[in-house]
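Colleague: sequence and predicted model, in that order:
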Amino acid sequence: MIKILFVCLGNICRSPSGEAVMNALIERNNLRDRIACDSAGTIAYHTGEPADARMQKHAIKRGYNLTSIARQIKLNDFERFNFIIAMDRDNYRNILALDVEGKYKDKVKLMMDFAIEHSDNDVPDPYYGGEQGFEYVLDLLEDACLGLLKHIVKLDLEQK
Ligand code: 4NP
């Protein structure tokens, strides 16, 4: 089983959406017994909360149901997951800083490095912005999750 952890700041907007978009692709490609997803935040502030209501509203319009409950990333996540996907460069740096010995640095990746259509480096934080920001998060995630899925399938084929 390949395990992916999506990570943003609060774990209530971007990473729960990444998890849901990826799960939809996994379902559509009949890969549910091969790839599993989870999400976490680099801060604990929203721990125990469902996804942001605005994010949920925009996700539902595209058929994604955000079911995750916020939690903070923890040290054993580095062991448990094969890919730790940061939504932006700040979170990427903060995740790497938790891995003090640098043992797991090859598992930590930037979400937008997998995008096919978009050249943005970050999935921007939509929390303090307007409606358009939530739509743009979903646009970026649909692109980058497809790229990530293709990357994983290719790696898997190369190993066979
Ligand atoms: P997320 O969005 O990192 O995509 O979940 C945010 C959620 C909460 C805060 C910032 C960003 N906050 O400052 O509380």
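Modeller: Received it, and whenever you're ready, just let me know what you need.
Colleague: contacts only, for Ile4.
Modeller: Residues in contact with Ile4 (Cβ atoms under 8 Å, 6 or more residues apart in numbering) are Met22, Ile35, Ala36, Cys37, Asp38, Phe81, Asn82, Phe83, Ile85, Leu148, Ile152. Just so you know, the C-beta spots here come from the backbone N, C-alpha and C atoms, and that holds for glycine as well.
Colleague: from what I see, the third one and Glu19 are in contact.
Modeller: Translated: Ala36. No. Between Ala36 and Glu19 there is no contact under Cβ atoms under 8 Å: 10.0 Å.
Colleague: ok, of the contacts of Ile4, which one's closest to Ile69?
Modeller: Set against Ile69, the nearest of the contacts of Ile4 by Cβ to Cβ is Asp38 (10.8 Å).
Colleague: who's in contact with stretch 52-65?
Modeller: So stretch 52-65 is contacted by 10, 12-13, 16-17, 20-21, 24, 50-51, 66, 126-127, 131, 134-135, 137-138, 142 (Cβ under 8 Å, 6+ apart).
Colleague: any of those residues buried? List them.
Modeller: 10, 12-13, 16-17, 20-21, 24, 51, 66, 126-127, 134, 137-138, 142 (16 or more other Cβ atoms under 10 Å).
Colleague: just flag the most distant two among the residues you listed.
Modeller: Longest distance between any two of the buried ones among the contacts of stretch 52-65 is 23.0 Å, between Ala24 and Tyr127; criterion Cβ to Cβ.
Colleague: which one's more surrounded, Ala36 and Glu19?
Modeller: Glu19 (27 against 18; other Cβ atoms under 10 Å).
Colleague: ok, that one touching Phe6?
Modeller: Yes. Using Cβ under 8 Å, Glu19 is in contact with Phe6, at 5.2 Å.
Colleague: shared neighbours, these two?
Modeller: Common contacts of Glu19 and Phe6 (Cβ under 8 Å, 6+ apart): Cys37, Asp38, Ser39.
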